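Asker: model this:
(2 chains)
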Amino acid sequence: MEVRSRFAPSPTGYMHIGNLRTALYEYLVAKSAGGKFILRIEDTDQERYVEGAVDIIYKTMKMVGLKHDEGPDIGGNFGPYVQSERKAIYKKYADILVELGGAHYCFCSEEELENQRKKCEETGVPFKFDDPCKNISIEEAKKRISNGEKYTVRQTINPDGEVSFDDVVYGHVSVETKTLDEGILLKSDGLPTYNFANVVDDHLMNITHVLRGNEYLSSTPKYNLMYQAFGWDIPTYVHLPPIMKDEHNKLSKRNGDASFQDLVQKGYLPEAIVNYIVLLGWSAKNDQEIFSMEELEKVFNVEGINKSPAIFDIEKLKWMNGVYIRELPCEKFYKLSEPWMKQVIHKDIDFETLAKCIQPRVNVLNEIPEAIDFIEILPEYDTEMYIHKKMKTTVEISRTALLEAENLIKNMTDWSSIEAIHDAFMVMPEKLGLKNGQFLWPIRTALTGKQCTPTGAIEIAYLLGKEECLSRIQIGINKLG
RNA sequence: GAUCCCAUCGUCUAGUGGCCUAGGACAUCGCCCUUUCACGGCGGUAACUCGGGUUCAAAUCCCGAUGGGAUCGCCA
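Answerer: Just a heads-up that it's a prediction; the model follows:
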């Protein structure tokens, strides 16, 4: 049988990391088996609907390389793929489920429920809704409905029994039916709750593998009761552990944690983000950590999925992003880094060469502006910076180096390449009886005013241009008295 | 509270009874390379939650404790 998995986000306008990982695993489960990956929009909660949210979903999926085979935008044989357009379907199946004894019509108001709940709280009895409407016959209920009375459809659960199922990652899970809540399946607005829609849709869309967060682990038995009542095959369940912000808190929008979009905006590459999060709860069972999507489609398997929660570690993502950046072709990196460079540099310099210089030392694109801002304007710096133990520089040596450099540069005619400058500069240390560092460290300091720079004195001299170099060296000479 | 689930370095993980004096990666520390910082190379610190069993042998199996998480909505 063909494997079919689905990504079923609700359009909240925000693609958080946990959601994205679920989508990734769903995609990989299908693709690693040569199956189909379906996109379904779960918009049954009209109060949460956010304009434009669906576009964010399409955009994100495209950016990370998750191509769906069926969905609202491309169609398919099992549509519609938007739940709000499937209202009639849910109504039909809700009525069938009532006939089959798996559900009943309920006329209780939200206030009535609230009262029962309060009473339980007061008396200290654990709340479990006992629905008086269970005793209403179907005929009578239908009469009341045709009279225009508001109603919901509520699941009916026989308290004597046990339900169990086998989850691919959590193994055998078994519960007594008396502990299960008889939840609402069809709301009074006629739309289904997730609890009902997921069962109906997954069956009707021939979904074979259901992946979702493990918060659904405890309600899965209820879904299975419905599958059983309908006489439908139960799908393969793959429940996923949560991604945590820290030991106690889930990664979430409410905690102000970064979404996929936020990370991209900060300068993380989609490929790196995907690679990092696939490892949050899954392992290839070997030492490999860097995977392309093509590789993942081949090697991903559900056996590698972990049971316990994983904490999102931004430090490791940074490292991995750096790995991806270093692997980028120069031209590609230049294109990506250009806007970040131009954020702080408005002069006309050789940005392409600058890009080449910073590529090996940037992990996240948003590190670029601070790393190169000295090119635009020389920052204030302290004379202390000229004294460097390891380079064996002192104020005297620095002064000599700068004066000699000034002379040298004044007489230089070829400033067209790093090589030319390199050749001219590198004869000096020997001539002056200095080590390379003793000559070059003071120059780099005078040129940048910074402790750390993305590259050495020679490259920076080239980027700055002859005139600017002379003026900055003059400033350095003055500082050193 | 009830029910369900989870538990290896700071973090992500490998480990499915002997190959484990527990392996890899990030982070961290030290050294090397080097015109700084990085990159790269080499090395170090660092973990089986605890207590009982089972077994010749347990990180691995069983039981219990502890700790953590989830669910208990006309949200998904």
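Asker: Now whatever residue of the stretch 351-481 of chain A ends up closest to RNA strand B. Its backbone dihedrals?
Answerer: Closest contact between the stretch 351-481 of chain A and RNA strand B, by CB to the nearest atom of the strand, is at A:Gly456 (2.5 Å). Backbone N, C-alpha and C define where each C-beta goes, glycine included. Per-residue torsions, A:Gly456: phi -90, psi -180 (degrees, to the nearest 10).
Asker: okay, A:Lys389: pLDDT?
Answerer: With respect to pLDDT, A:Lys389 scores 84.
Asker: That one and A:Trp441, how far apart?
Answerer: Distance, A:Lys389 to A:Trp441, by CB to CB, to the nearest Å: 11 Å.
Asker: Those two - which one has more neighbours?
Answerer: More neighbours surround A:Trp441 than the other of A:Lys389 and A:Trp441, with 24 against 6 (other CB atoms under 10 Å).
Asker: For that one, which residues are in contact?
Answerer: By CB atoms under 8 Å, 6 or more residues apart in numbering, the contact list for A:Trp441 reads A:Tyr386, A:His388, A:Met391, A:Thr393, A:Ser398, A:Ala401, A:Ala457.
Asker: Let's see which of those residues end up in helices.
Answerer: The helices, defined by DSSP state H, take in A:Ser398, A:Ala401, A:Ala457 from the contacts of A:Trp441.
Asker: want to throw those residues into CSV with neighbour count and pLDDT?
Answerer: Shown next, in CSV, are these (neighbours: other CB atoms under 10 Å; pLDDT from 0 to 100):
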residue, neighbour count, pLDDT
A:Ser398, 27, 92
A:Ala401, 27, 92
A:Ala457, 25, 93
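Asker: hang on, the earlier thing: and which of the contacts of A:Trp441 is nearest A:Glu47?
Answerer: Checking these against A:Glu47 with CB to CB, the nearest one is A:Ala457 at 61.4 Å.
Asker: Low-confidence regions, the stretch 101-250 of chain A specifically.
Answerer: In the predicted model of the stretch 101-250 of chain A, residues A:124 satisfy pLDDT under 70.
Asker: what about the helices in it?
Answerer: Secondary structure of the stretch 101-250 of chain A (DSSP state H, counting those that start in this stretch): helices at A:110-123, A:138-146, A:194-204, A:220-230.
Asker: Name the residues of the helix or strand where A:Phe439 lies that are buried.
Answerer: Using DSSP states H and E, A:Phe439 sits in helix A:436-448. Under the neighbour-count criterion of 16 or more other CB atoms under 10 Å, helix A:436-448 has A:Gly437, A:Gln438, A:Phe439, A:Leu440, A:Trp441, A:Pro442, A:Ile443, A:Arg444, A:Thr445, A:Ala446, A:Leu447, A:Thr448 buried.
Asker: what do you get for stretch A:142-159?
Answerer: Under 16+ other CB under 10 Å, the buried positions of stretch A:142-159 are A:Arg144, A:Tyr151, A:Thr152, A:Val153, A:Arg154, A:Gln155, A:Thr156, A:Ile157.
Asker: restrict these to those near RNA strand B?
Answerer: Applying CB under 7 Å from any atom of the strand to those, one finds that A:Thr152 fall near RNA strand B.
Asker: Can you tell me which of the buried residues of helix A:436-448 lies closest to A:Pro309?
Answerer: A:Thr448 (44.6 Å).
Asker: can I assume that closest one is in contact with A:Glu376?
Answerer: No. A:Thr448 lies out of contact with A:Glu376 (CB atoms under 8 Å); the separation is 11.5 Å.
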